[in-house]
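*Asks:* predicted coordinates and the sequence they were generated for:
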Amino acid sequence: HATKHATKHATKHAVQRTLALLVCCVLSACSMFVSKSDYAAYRAVRLAHGEPARLLAMQHYVASHPQGHWHDEIERARAQRDVASFEAGKGSRAGLEQYLAAFPAGAFAAQARARLAAIDLVDQRKREQTARATVLAAERAVRQDELRRTWVTRFVGYWLHTLFDLSDWGEPIPTVAHANPTFSRAFGAEPRPRCTADECVKYYTGRYAVPVPGGTRVERSIALVLRLRMRAGKLERAELLLPERGFSRLFELENKKLVVDGDPASRNAVVAFALDRLEPLVQKLGDGVALDPGYVLAAIEAPALGPSGEVTDTAAEDPSVPPNRLSQERSVEELVAPKNEPAPDMVFDALQVDKEGHGHAPPPPSAAPPSRAPAAASGDVMVMAPVAVPPSGSAAATGSAPSAVLAARPTATPVPVAAAGIPAASGVARAYRGHGLHVVVFAAGQDATTAYDGVLIERDAPPTTAAPRRSVRH
C-alpha cells in the first residue's frame, strides 16, 4: 500500500512539471515572434483617435518595425488610404504637411513637396509685399506730413512763378486770363476767387497743431491770401498775404515749434527763417532779377472780401490742379451758375479749344458785364471775368462782411527796404526788380499796426509800348 501511494504521488509531480515546462515553451515562443515594442506600436495604431492620428501611428509602426508581426497588414491599410489622404490635404499647407508626415514615400509625395514649395514661394512674396506695403505706407505718411507742413511755401512758390511769368500785366483780368490759360485754370479752381471792381481775392487756409511740453498741444490755423489788385480795371499788383504775422505761423507749421510773437528774438528768428525759405523762390525767377535797395513798401490794406468758405487741400502736390481734392467734383455748369450765391464770386466765360489746340474766346466783356455768364460751351479752358460791384466792396454790395482774420489796419508809414540784417522793431522788406516788375518779400515789424507778412509782385512802371511783356522761360 505504501509503495502504491508513493508511486501515485511521484506521477502527480511529474505531470505538474510537464505542464510547467509546456507553459514556459509557449511563453518563450511568443517572446520570439512579438516583442513588447512591436505590440505597443501596434496597440497605438488600434487605439488612435481620428484618421490623421491613426495614419501617423501606422507610419511610425512600419518605419520602426519593418519586420513586425503586423507590418504587412498595416502596410496594406496604408496603401488603401494614400489617395484619399492626398486628395483631402492637397489644398493647404497643413494638409500637405500631414500627408508627407504620414506618407513620406507615398505615391504623391513628390507632388506634395512641389505644392509645398509653391506655397512657400507665395507666402514669401506675400511677406515681402506686406513688408513693402508697410514701408510705403510709412513713407507715404511721412510725405503727406511733409506736404501739409510745407504747403504754404509750395503755394507761394507756385503763384510767384505763375504771376511773374504772366503776359499782359496792365490789362483787364479777362484779357490776362485769356492770354494765360494756366493762370486762368489755377485761379478759377477751388477755393473760388471773389471779386470787386478793384480786387480779386482767393483764400487758402489750413489747420495744424504745435506740440508743447507736458503732452499737450496748441491748435493753430494759418491763412494764405492771394489778392489781385486792379487800377481802372487793369491788373497792376498781386499779393500773397499771410495775416497776423503769418511768418510766425509758417515757422510753427514747418518746424512744429511754438512761437511767441511778443518776443523780439523769436520774431527775428522767424523772419530770418521765412527769408531763407522765400528768397530762393525769387531767385529762381530767372536772369535779370536783382536786388533793388531803393524800393519803399507802401501800406497794405485788408481785403474787402472774405473767403468763399471752401476747404483747402493742403496736401495737394500741385495747387493748380482743380478741383480741390477735399471737395466733390463740380460740373462747368455748376461753376458758371452757382445756386443761391448772393456774393459776387468769380464767373466764367468759356474759352473754346479747337482740334489744333488753339484757344478762341468771345470778346472781353464790357465795363458792366452781366451778373452771370452764359452757359459754357465745350472746351477745357475757362477765361475769368469779374463781376462788377461798387468799388467800396461794402458788405451790402458783396453779401459778405470782411474777414475778421484780416481786420488788421494798414501801416502808418511806408517801410523802407532792408539791405541787410533784420531790424527788431521796424518791418523788413527785400525788393527785387526785373522784367518790368517788382518782387518784394516783406515782414511786419514788432511794433507795426498791421500784421501782414508775405510776398507781392507789382508793375514797376506803365509800359512804354502797347506790346505785352514777354514771359520769362525757366
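*Replies:* Everything's here; your move.

*Asks:* tell me which stretches of the stretch 151-300 of the chain form strands.
*Replies:* For the stretch 151-300 of the chain, the strands defined by DSSP state E, counting those that start in this stretch cover 194-195, 199-212, 216-231, 234-242, 290-291, 296-297.

*Asks:* what's the most buried one of those?
*Replies:* strand 194-195 (a mean of 27; mean count of other C-beta atoms under 10 Å). Every C-beta, even on glycine, is put in place using the N, C-alpha and C of the backbone.

*Asks:* so which of the strands of the stretch 151-300 of the chain is nearest Arg459?
*Replies:* Set against Arg459 and scored by C-beta to C-beta, these come closest in strand 234-242, at 5.5 Å.

*Asks:* just the C-alphas of the closest one, formatted as CSV.
*Replies:* The C-alpha coordinates for strand 234-242 follow below in CSV (Å, rounded to 0.1, in the frame of the first residue of the first chain):
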residue,chain,number,x,y,z
LYS,A,234,-6.4,146.7,-65.1
LEU,A,235,-4.1,144.3,-63.3
GLU,A,236,-1.3,146.2,-61.5
ARG,A,237,-0.3,144.2,-58.5
ALA,A,238,-0.6,140.7,-56.9
GLU,A,239,-0.1,140.0,-53.2
LEU,A,240,0.4,136.8,-51.3
LEU,A,241,-0.5,137.8,-47.8
LEU,A,242,0.0,135.8,-44.5
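
*Asks:* what angle sits between that strand and strand 216-231?
*Replies:* Following axes from the mean of the first three to the mean of the last three C-alpha atoms, to 10 degrees, one obtains 170 degrees for the angle between strand 234-242 and strand 216-231.

*Asks:* for strand 234-242, the averaged confidence score.
*Replies:* For strand 234-242, mean pLDDT rounds to 94.

*Asks:* name the helices or strands packed onto that strand?
*Replies:* helix 151-164, strand 216-231, strand 453-459 (3 or more C-beta pairs under 8 Å, 6 or more residues apart in numbering; DSSP states H and E).

*Asks:* got a list of contacts for that strand?
*Replies:* 152, 156, 159-160, 163, 166, 168-173, 176, 222-230, 249-250, 300, 303, 406, 452-459 (C-beta atoms under 8 Å, 6 or more residues apart in numbering).

*Asks:* rerun at 6 Å
*Replies:* Applying C-beta atoms under 6 Å, 6 or more residues apart in numbering, the contact partners of strand 234-242 are 156, 159, 163, 169-172, 176, 225-229, 452-459.

*Asks:* just the buried members of the residues you listed?
*Replies:* 156, 159, 163, 169-172, 176, 225-229, 452-459 (16 or more other C-beta atoms under 10 Å).

*Asks:* list the contacts for Gly106?
*Replies:* Taking C-beta under 6 Å, 6+ apart, one finds Asp82 in contact with Gly106.

*Asks:* can you check the pLDDT for it?
*Replies:* 92.

*Asks:* ok, Thr175 next?
*Replies:* pLDDT at Thr175 comes out at 88.

*Asks:* over to Glu458?
*Replies:* So, for Glu458, pLDDT stands at 93.

*Asks:* could you identify the helix or strand that succeeds the helix or strand hosting Glu87?
*Replies:* For Glu87, the host element (DSSP states H and E) is helix 71-89. Following helix 71-89 in sequence order, the next helix or strand is helix 93-102 (DSSP H and E).

*Asks:* in that following helix, what counts as buried?
*Replies:* By neighbour count with 16+ other C-beta under 10 Å, helix 93-102 contains the buried residues 95-96, 98-100, 102.

*Asks:* measure Val440 to Pro172 for me?
*Replies:* To Pro172, Val440 is 24 Å away according to C-beta to C-beta, to the nearest Å.

*Asks:* output the contacting helices and strands for the helix holding Glu87.
*Replies:* Counting contacts by 3 or more C-beta pairs under 6 Å, 6 or more residues apart in numbering; DSSP states H and E, helix 71-89 packs against helix 51-64, helix 93-102.

*Asks:* mind putting these in CSV, mean pLDDT included?
*Replies:* Formatted as CSV, those follow (pLDDT from 0 to 100):
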stretch, mean pLDDT
helix 51-64, 93
helix 93-102, 94
